[in-house]
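[1] Any chance you could fold what I've pasted below:
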Amino acid sequence: MKAPFPIPYCLNVHPAADWRETKRALHGHALAVKKLVAPDRPFPLSLHLGFKTAAELAA
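    Numbering: from 1, shown residues only. Have a look, this model is predicted:
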């Protein structure tokens with residue numbers, strides 16, 4: 001069965017305590033998965049940020 005919409009890759013499977021670790025997950029794990037499953041099309045991500053990471057970005 002094919003989903004009628006793209007299903008996002010959820011980054012909460014890669015724990016990250018801060019923005020540096022979140023970027024590492026984006027550039028490492030998420031990019032590797034995108035290259036495998038959607039190299040030539042958009043690849044939606046579900047980005048979950050903890051309070052500390054959100055505060056870092058807001059500062």
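
[2] What lies in contact with the one helix or strand Thr22 maps to?
    Under the criterion of DSSP states H and E, Thr22 resides in helix 19-25. Outside helix 19-25, the residues that touch it by Cβ atoms under 8 Å, 6 or more residues apart in numbering are Leu11, His14, Pro15, Ala16, Leu47, Leu49, Thr53, Glu56, Leu57. Placement of C-beta: from N, CA and C, glycine included.

[3] what sits against the spatially most central residue of the chain?
    With distances taken as Cα atoms, centre = their mean, the residue of the chain nearest its centroid is Leu11 (4.0 Å). By Cβ under 8 Å, 6+ apart, the contact set of Leu11 is Thr22, Ala25, Leu26, His29, Ala30, Leu45, Ser46, Leu47, His48.

[4] okay, and for the protein, where does confidence drop off?
    1 (pLDDT under 70).

[5] can you map out the strands along this protein?
    9-10, 45-46 (DSSP state E).

[6] Highest mean neighbour count out of these?
    strand 9-10 (a mean of 15; mean count of other Cβ atoms under 10 Å).

[7] Check the offset of that strand from the chain's centre.
    Relative to its chain's centre, strand 9-10 lies at 6 Å (Cα atoms, centre = their mean, to the nearest Å).

[8] Now the buried members of the contacts of Leu11.
    Thr22, Ala25, Ala30 (16 or more other Cβ atoms under 10 Å).

[9] For those, give me a markdown table that also has distance to Ala38.
    Listed next are the buried ones among the contacts of Leu11 as a markdown table, based on distance: Cβ to Cβ, whole Å:
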| residue | distance to Ala38 |
| --- | --- |
| Thr22 | 21 |
| Ala25 | 17 |
| Ala30 | 11 |
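
[10] of those, closest to Arg41?
    Nearest to Arg41 among those is Ala30, at 14.8 Å by Cβ to Cβ.
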